[in-house]
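A.B. asks: could you look at this predicted model? Sequence included:
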Amino acid sequence: SLTRAERTIIVSMWSKISTQADLIGTETLERLFSCYPQAKTYFPHFDLHTGSAQLRAHGSRVVAAVGDAVKSIDNVTSALSKLSELHAYVLRVDPVNFKFLSHCLLVTLASHFPADFTADTHAAWDKFLSIVSGVLTEKYR
Ligand code: ZNH
């Protein structure tokens, strides 16, 4: 689990991220689909072109869910339990894609907040996103 220092880093950086959550979510998905095109297979019903309304709406939902996890940083499992069921039982996303998405979100954060993105901040977000991904994939069987 996260140390006190890591929680502080996540919560304080979230206050910056939340002001441009839509932009960050959209860019994260654009990076995901361009670097890892296999991730597109889960979205056959979406227009995945840069800037599409569906891409923006989905990017904003994903980042909002990360925000829910930040707000319940001491209890991410219960904060995301509904979403965990959706990903495990309905969407059945191969867990490797969570690593790709997390990586793309880290790169997006680094490029939007270069001054904040120290090695410690990088490490804290990497750990936090792996906890979030763990929750969203733990119900798989
Ligand atoms: Zn997911 C959906 C989140 C990952 C795929 N997602 C979703 C949603 C959310 C999310 C919030 C919405 C829900 C409702 O509506 O209810 N995700 C999320 C997160 C993450 C994720 C937070 C991490 C971190 N996903 C993911 C991945 C993938 C996915 C990796 C693949 C690639 N999702 C998905 C899909 C969907 C979702 C497909 C559905 C969409 C539509 O709309 O249809």
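C.D. replies: Done, it's in. Numbers count the residues shown, from 1 in each chain.
A.B. asks: and the pLDDT at residue 51?
C.D. replies: Reported pLDDT at residue 51 in the predicted model: 87.
A.B. asks: quick one: contacts for it?
C.D. replies: Residue 51 is in contact with residue 26, counting by Cβ atoms under 8 Å, 6 or more residues apart in numbering. Glycine gets a C-beta too; all of them are placed from N, C-alpha and C.
A.B. asks: ok, it to residue 33 distance?
C.D. replies: To residue 33, residue 51 is 12 Å away according to Cβ to Cβ, to the nearest Å.
A.B. asks: again with residue 107
C.D. replies: Using Cβ to Cβ, residue 107 is found at 14 Å from residue 33.
A.B. asks: and those two? which has more neighbours close in?
C.D. replies: Set residue 107 next to residue 33 and count neighbours by other Cβ atoms under 10 Å: residue 33 wins out with 20 against 15.
A.B. asks: which helix or which strand is home to that one?
C.D. replies: Assigned by DSSP states H and E, residue 33 belongs to helix 21-35.
A.B. asks: now residue 84: which helix or strand?
C.D. replies: Take DSSP H and E as the rule and residue 84 turns out to sit in helix 81-85.
A.B. asks: which outside residues touch whichever helix or strand comes after that helix?
C.D. replies: Using DSSP H and E, the helix or strand that follows helix 81-85 in sequence is helix 96-112. Helix 96-112 has contacts (Cβ under 8 Å, 6+ apart) with 13, 17, 20, 23-24, 27-29, 31-32, 35-36, 38-39, 42, 62, 66, 117, 122, 125-126, 129-130, 132-133, 136-137.
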